[in-house]
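> Let's see this in three dimensions:
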Amino acid sequence: MTATFSHKQLAVNCFNAVWDFLDLPERTKEEEEKMIHLAHASFWHWTKTEEHTAKNLSIGYWQLSRVYAITELGERSHYYANQCLEVSKDNKMEPFYIGYAYEALSRANTLLGRYNLSKMHAEHAIDYAQKVKDESSKNMLLNDIQIIKSYWEKN
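As a prediction, the model looks like this:
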């Protein structure tokens with residue numbers, strides 16, 4: 001029997017599986033490795049769907065950056081945060097997505113100990129958050145920035 005699959009469905013399944021790992025309070029090294037592979041698989045499968053959009057790429061790059069931040073691989077996190085910002089700005093995406101690209105850069109720079117850059121990117125994220133019309137989305141972005149700011153206070 002031949003397996004049939006949809007790149008879109010695999011992308012969604014892998015994306016959601018990554019969130020299952022991100023939601024854990026702690027992860028083993030094996031779970032971290034699996035999470036990284038799932039994030040890359042999700043992104044790759046999105047690129048194989050004919051209907052993928054810049055929004056899919058922005059979200060995928062953001063998730064890759066978050067996964068690498070969670071696993072404390074700062075340079076990789078920074079790389080994907082830059083990719084996220086580039087695709088988001090080049091495609092004139094909604095403020096929510098550009099704000100989250102800056103959130104990813106802030107998080108990556110915090111991990112790398114570059115607090116001045118982190119603070120600059122956090123301010124950009126806050127500026128974009130103020131332009132988000134949906135209050136729930138705006139608050140989610142502002143809460144994530146607040147979490148990053150709490151790291152600065154600890155270090």
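> Next, work out how far apart the residue nearest the centre of the chain and Tyr128 are.
Note on the chain: the residue nearest the mean C-alpha position is Trp62, at 2.3 Å, using CA atoms, centre = their mean. Counting by CB to CB, to the nearest Å, the separation of Trp62 from Tyr128 is 13 Å. All C-beta atoms are positioned from the backbone trio N, CA, C, and that covers glycine.
> quick revisit: how much space between the residue nearest to the centre of the chain and Glu50?
For Trp62, the distance to Glu50 (CB to CB) stands at 22 Å.
> now do Lys29
37 Å.
> Give the residue spans of this protein that score low on pLDDT.
Within the chain, the segments meeting pLDDT under 70 span 1-4.
> can you map out the helices along it?
Taking DSSP state H to define them, one finds helices in the chain at 7-22, 29-47, 54-70, 74-90, 95-111, 115-129, 135-154.
> Can you say which of these is packed in most?
Mean neighbour count (mean count of other CB atoms under 10 Å) peaks for helix 95-111 among the helices of the chain, with a mean of 26.
> between that helix and helix 54-70, what angle do the directions make?
On the basis of axes from the mean of the first three to the mean of the last three CA atoms, to 10 degrees, helix 95-111 is oriented at 20 degrees to helix 54-70.
> Enumerate every residue touching the nearest residue to the residue nearest to the centre of the chain once chain neighbours are set aside.
Spatial nearest neighbour of Trp62, chain neighbours left out: Cys84 (4.7 Å); criterion: CB to CB, 6 or more residues apart in numbering. Applying CB atoms under 8 Å, 6 or more residues apart in numbering to Cys84 gives the contacts Ser58, Tyr61, Trp62, Ser65, Tyr100, Ala101, Ala104.
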